[in-house]
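Peer 1: Here you go, sequence then predicted model.
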Amino acid sequence: SQQGEEDPQALSIQEGENATMNCSYKTSINNLQWYRQNSGRGLVHLILIRSNEREKHSGRLRVTLDTSKKSSSLLITASRAADTASYFCATDSGNTGKLIFGQGTTLQVKP
Amino acid sequence: NAGVMQNPRHLVRRRGQEARLRCSPMKGHSHVYWYRQLPEEGLKFMVYLQKENIIDESGMPKERFSAEFPKEGPSILRIQQVVRGDSAAYFCASSPSGQLETQYFGPGTRLLVL
């Protein structure tokens, strides 16, 4: 069954603007990870946030986690054309570490 | 430190043939996960292995699919008697200790069944 659901499914912005993507999930989690995938390529790990953390930063990326609402958001500030990609959230909620992925948000950043 | 390696990157098979996909985890990682991505969809978990052990195969189809991670050599995902519905990208990920750790993904193998 689908655990994570991203919102919106697609997002188009101008270079320099901020992009916010949201992820909701259904069951309690150990951690939540965000990945980026360029078209036809593999996944690049962006950030891992643990269930006892509320916010993490990495460069232009900011991730928040609200376990009471079972949701997370990924904010990309000052976007660049190179940020154009699909972004996936993935939750680890069991005892084996397997990840459950959402459907992804496709981000297009126009130069 | 080389990342996760997968080969081949692209594989074309005719219906009924066998497909073998290989994954070499990052150095020092003994936990391997396989995921499948259908077009325009997210990744779906298939199987989780440690050296010589299958830990969780709850995402593996009951028939035609098998996986192994021998003591020496890469992890292998094997699909027997492929059908067109097996066409997808297959990704391998590795982590140093499994649960609670970041998983690092390989570039994937894109399987096309004619």
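Peer 2: Happy to help now that I have it. Residues are numbered from 1 along each chain as shown, chains lettered A, B, ... in the order given.
Peer 1: Spatially central residue (nearest the centroid) of chain B, please.
Peer 2: Nearest residue to the geometric centre of chain B (C-alpha atoms, centre = their mean): residue B:34, 3.7 Å.
Peer 1: Could you give the bridge partners of that residue?
Peer 2: Using DSSP bridges, the bridge partners assigned to residue B:34 are residue B:47, residue B:92.
Peer 1: Now residue 111. Nearest residue, chain neighbours left out?
Peer 2: Answering for chain A, as no chain was given. If the residues on either side of it in the chain are set aside, residue A:111 comes closest to residue A:81, at 4.5 Å by C-beta to C-beta, 6 or more residues apart in numbering or on different chains. In this view, the C-beta of every residue, glycine as well, is placed from N, C-alpha and C.
Peer 1: wrong one, chain B
Peer 2: Per C-beta to C-beta, 6+ apart, closest to residue B:111 is residue B:11, 5.0 Å.
Peer 1: Next up, the contacts around the one you found.
Peer 2: B:19, B:21, B:109, B:110, B:111, B:112 (C-beta atoms under 8 Å, 6 or more residues apart in numbering or on different chains).
Peer 1: how about the residues of chain A near chain B?
Peer 2: Neighbours of chain B within chain A, by C-beta under 8 Å from any C-beta of the partner chain: A:4, A:30-31, A:33, A:35, A:40-45, A:48, A:50, A:88, A:90, A:92, A:94-104.
Peer 1: that older thread, and which of the contacts of residue B:11 is nearest chain A?
Peer 2: residue B:110 (8.0 Å; C-beta to the nearest C-beta).
Peer 1: State the helix or strand in which that closest one lies.
Peer 2: strand B:109-113 (DSSP states H and E).
Peer 1: before we move on, the earlier item: just the ones in strands from the residues of chain A next to chain B, please.
Peer 2: Among those, DSSP state E puts A:31, A:33, A:35, A:43-45, A:48, A:50, A:88, A:90, A:92, A:99-101 in strands.
Peer 1: Report the buried members of these.
Peer 2: Buried members of those, counted by 16 or more other C-beta atoms under 10 Å in any protein chain shown: A:31, A:33, A:35, A:43, A:48, A:88, A:90, A:92, A:99, A:100, A:101.
Peer 1: Extract the C-alpha set from stretch A:85-105 and format it as CSV.
Peer 2: The C-alpha trace of stretch A:85-105 is given here as CSV (Å, rounded to 0.1, in the frame of the first residue of the first chain):
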residue,chain,number,x,y,z
ALA,A,85,13.9,16.9,-11.4
SER,A,86,11.4,14.6,-9.6
TYR,A,87,11.5,14.6,-5.8
PHE,A,88,10.4,11.7,-3.7
CYS,A,89,9.8,11.2,0.0
ALA,A,90,10.4,7.8,1.4
THR,A,91,9.5,6.5,4.9
ASP,A,92,11.2,3.9,7.0
SER,A,93,8.5,2.5,9.4
GLY,A,94,9.3,-1.1,9.9
ASN,A,95,12.2,-3.0,11.5
THR,A,96,14.0,-3.9,8.3
GLY,A,97,14.8,-0.4,6.9
LYS,A,98,12.8,-0.9,3.7
LEU,A,99,11.6,2.4,2.3
ILE,A,100,8.1,3.2,1.1
PHE,A,101,8.1,5.8,-1.6
GLY,A,102,5.5,8.3,-2.6
GLN,A,103,4.6,9.0,-6.2
GLY,A,104,6.9,12.1,-6.4
THR,A,105,6.6,15.7,-7.3
